[in-house]
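**Student:** Got a sequence here, can you build the structure:
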Amino acid sequence: MLNSFIHFMMYTYYGLAAAGPRYRKYIWWKKYMTTAQIIQFVVVIFHSVYTLTLHDCNYPKLFNYWILSYALIFLVLFANFYSRAYNKQMTTSQAVPGSVTRRCLKVD
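**Tutor:** Have a look, this model is predicted:
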């Protein structure tokens, strides 16, 4: 049920985004959608770990490990996206001397 709700949110967002620039004002909730997706992966991870620790659970452990791995990978990917998209970028003036900052090269 959680997955269905998340996908409903995603496809609603993508539909509005594809409808053109005049609908951009209706997709202000992109950050919250990403947060909901991250929460979904955390819930799946906890559920997988919980069912793996049950000794009387008649659920295939191999499939459970697969789901756990899948959710962990997507959690890392979405957390990385969230960090890059929504956390403030460090400017060159804020950088610690000797550190490396991300820079973009403009190609004409």
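
**Student:** the strands in the protein, which residues?
**Tutor:** Counting by DSSP state E, the chain forms no strands at all.

**Student:** where in it is pLDDT low?
**Tutor:** Within the chain, the ranges that satisfy pLDDT under 70 run 89-108.

**Student:** Pick out the residue closest to the middle of it.
**Tutor:** Centroid-nearest residue in the chain, with Cα atoms, centre = their mean: residue 78, separated by 2.6 Å.

**Student:** wait, doesn't that residue sit right on residue 36?
**Tutor:** No: the pair residue 78 / residue 36 is not scored as a contact, 10.2 Å apart, by Cβ atoms under 8 Å. Every residue, glycine included, has its C-beta placed from N, CA and C.

**Student:** Verify the stated contact: residue 45 with residue 69.
**Tutor:** No: counting by Cβ under 8 Å, residue 45 does not reach residue 69; the two are 10.0 Å apart.

**Student:** for the longest helix along the chain, packing partners?
**Tutor:** What stands out as the longest helix in the chain, according to DSSP state H, is helix 61-86. Contact analysis of helix 61-86 by 3 or more Cβ pairs under 8 Å, 6 or more residues apart in numbering; DSSP states H and E lists helix 30-53 as its packing neighbours.

**Student:** Quick check: buried residues in the helix it packs on?
**Tutor:** 34, 37-38, 40-41, 44-45, 48 (16 or more other Cβ atoms under 10 Å).
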